[in-house]
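**Student:** Task: produce atomic coordinates for the following.
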Amino acid sequence: TFEVIFSFLRPFEAPVWLLILLLFVFTGVLYMWLEPDSEDLAGHSPLQAFGQSLFLTVGSFTGGAGFAPSTKLGKFFVIGWTFTVLLLTSAYTANLATVLIV
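**Tutor:** Presented below is the predicted three-dimensional model:
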């Protein structure tokens, strides 16, 4: 059923999931702005660069991709994003454990 298929969403409420999606978009735009000449985004149109930065953002969240910043500000930004991913993953795991126990 629908509830079983999407049970992985139960650890967070809908507003938190929406905030995470908005955070992905914001992070992608910010990375595209901070690193316009990085090897990740070079040679792409603005729309393609946004798609690539969004892919890197979601990929870094799941561990499937990662940023390659070339500026100091970009590297500082990636450290902050990595810490944010760590906190979100920890909160999801803790809430998932609570949901499974109850």
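**Student:** how far out from the middle of the chain is the worst-scoring helix or strand of the chain on mean pLDDT?
**Tutor:** Least confident helix or strand of the chain, by mean pLDDT, DSSP states H and E, is helix 2-5 with a mean of 86. The chain centre lies 24 Å from the centre of helix 2-5; the measure is C-alpha atoms, centre = their mean, to the nearest Å.
**Student:** Quick one: residues in contact with the helix or strand that comes right after that helix.
**Tutor:** Note on helix 2-5: by DSSP states H and E, the next helix or strand toward the C-terminus is helix 14-34. Helix 14-34 has contacts (C-beta atoms under 8 Å, 6 or more residues apart in numbering) with 9, 12, 41, 49-50, 53-54, 56-58, 61, 67, 69, 71, 73-74, 77-78, 81, 84, 88. C-beta coordinates here come from the backbone N, C-alpha and C atoms, glycine included.
**Student:** By neighbour count, sort out the buried ones in those.
**Tutor:** 12, 41, 49-50, 53-54, 56-57, 61, 67, 69, 74, 77-78, 81, 88 (16 or more other C-beta atoms under 10 Å).
**Student:** got the CA positions of stretch 13-23 in PDB?
**Tutor:** What follows is stretch 13-23 as a C-alpha-only set of coordinates in PDB (Å, rounded to 0.1, in the frame of the first residue of the first chain):
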ATOM      1  CA  GLU A  13       7.300  15.400   9.200                       C
ATOM      2  CA  ALA A  14       6.200  16.900   5.800                       C
ATOM      3  CA  PRO A  15       7.500  20.400   6.600                       C
ATOM      4  CA  VAL A  16      10.900  19.000   7.400                       C
ATOM      5  CA  TRP A  17      11.100  17.100   4.100                       C
ATOM      6  CA  LEU A  18      10.000  20.300   2.300                       C
ATOM      7  CA  LEU A  19      12.700  22.300   4.100                       C
ATOM      8  CA  ILE A  20      15.300  19.600   3.100                       C
ATOM      9  CA  LEU A  21      14.200  19.900  -0.600                       C
ATOM     10  CA  LEU A  22      14.500  23.700  -0.400                       C
ATOM     11  CA  LEU A  23      17.900  23.300   1.200                       C
END
